[in-house]
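# Would you be able to build a 3D model of this:
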Amino acid sequence: MIEEFVMANQEILLESGTNEMELLTFLLGDQPFGLNVAKVESIEQFDSSLVSKIPAAPATLLGMLLYRDRTVPLIDLSAALDMHGTTASERQIVIVTEFNDVVCGFKVDGVKRINRLSWDAFIPVGDFIGSSSASIIGTVTIDESEVLVIDLEHILAEIIPAMAIEEPTDEILGGEKKQSRENMRIMFAEDSKTIRNSLVRIFKNSGFSNVKAFANGKDAYDALSAISGKAELKGPHPDDLPQVIISDIEMPKMDGLTLCRKIKETPNLNDIFFIIFSSLINEQMVLKCKRVGADAYITKPETNRLLSMLDKICQGHAI
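Predicted structure coming up:
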């Protein structure tokens with residue numbers, strides 16, 4: 001069965017912080033796409049009789065899919081990517097995913113296989129088509145074909161706005177807290193330009209004005225190493241090093257787990273507080289976060305929880 005194929009491949013567990021990932025490749029028409037296996041719960045044959053239409057729903061939302069005695073949103077991925085001219089397969093597939101604590105189905109035209117790859121092999125989307133396609137993370141070459149890697153969080157947030165980054169509450173924005181926030185030095189790594197810009201805006205509006213943002217773990221690590229190298233004569237805690245690093249997991253060039261492991265293995269840097277902020281947080285990923293030495297882990301889009309944690313660090317409270 002298709003589901004058994006996926007689950008069998010998911011049992012090939014990656015070590016923590018190796019800068020590797022497993023990519024499930026699938027088809028929309030004849031174009032190959034990919035997504036991280038860590039987000040895949042199962043793969044099912046598409047059965048239209050299991051779908052209930054939703055009145056006035058956007059064209060990309062096919063309805064609610066009956067899946068294991070519950071209903072989950074079903075999204076037409078071709079429509080979401082504006083690929084209406086592609087020829088659909090006669091036996092379409094539903095990829096059921098779980099991320100951001102939400103289960104969702106995505107209808108595609110076929111599933112190919114799972115490939116183990118290094119994040120070094122990924123070319124960020126901005127390097128070859130600019131910022132015009134926020135739904136694509138990047139590209140990777142597999143079997144002489146270019147595979148486009150999908151940003152499912154962006155697609156789902158476009159259709160279901162509640163999936164977008166959470167806006168801070170009035171309590172979190174409280175003016176009395178802003179003074180202590182001004183002095184906190186934060187380094188932030190996130191490959192999604194939309195999420196990166198949104199969080200930088202939220203940080204600054206909340207009073208965290210000293211934030212340096214990077215598009216991937218490698219750029220963040222290189223900048224941190226440069227700062228550390230220049231500041232060696234100032235002692236182990238120079239003022240220009242960040243106090244907190246916040247990082248996504250999925251990023252081209254270097255993922256967040258690898259970034260965390262490298263920092264925690266560096267004596268001059270290993271007591272910087274490291275927070276993993278990712279849509280992939282589940283029981284298995286928590287274990288991986290702990291193995292690489294992460295101090296905390298928070299599921300997107302829980303921005304208020306992230307800001308509350310930063311306040312505790314400002315005030316010197318134990319996390």
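# Could I get the contacting residues of residue 182?
By Cβ atoms under 8 Å, 6 or more residues apart in numbering, the contact list for residue 182 reads 207-210. (Glycine included, C-beta is placed from N, CA and C.)
# again, only using 10 Å
The contact partners of residue 182, taken as Cβ atoms under 10 Å, 6 or more residues apart in numbering, are 207-210, 314.
# next one: residue 302
Listed by Cβ under 10 Å, 6+ apart, the contact partners of residue 302 are 100-101, 165-166, 277, 281, 308-309.
# so where's the chain uncertain?
For the chain, the stretches with pLDDT under 70 are 1-15, 84-89, 126-133, 162-164, 175-177, 230-239, 318.
# What ranges does it have for its helices?
Taking DSSP state H, the helices of the chain run over residues 2-10, 77-80, 126-129, 152-159, 178-181, 193-205, 217-230, 256-264, 283-291, 303-314.
# Looking at those helices, spot the one closest to residue 54.
helix 152-159 (11.1 Å; Cβ to Cβ).
# helices or strands next to that closest one in the packing?
For helix 152-159, the packing partners by 3 or more Cβ pairs under 10 Å, 6 or more residues apart in numbering; DSSP states H and E come out as strand 70-76, helix 77-80, strand 93-99, strand 102-108, strand 136-142, helix 193-205.
# Dump the ones you listed to JSON lines, plus mean neighbour count and distance to residue 302.
Converted to JSON lines, the helices and strands packed on helix 152-159 look like this (neighbours: other Cβ atoms under 10 Å; distance: least, Cβ to Cβ, whole Å):
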{"stretch": "strand 70-76", "mean neighbour count": "20", "distance to residue 302": "20"}
{"stretch": "helix 77-80", "mean neighbour count": "21", "distance to residue 302": "24"}
{"stretch": "strand 93-99", "mean neighbour count": "22", "distance to residue 302": "13"}
{"stretch": "strand 102-108", "mean neighbour count": "22", "distance to residue 302": "12"}
{"stretch": "strand 136-142", "mean neighbour count": "20", "distance to residue 302": "21"}
{"stretch": "helix 193-205", "mean neighbour count": "18", "distance to residue 302": "12"}
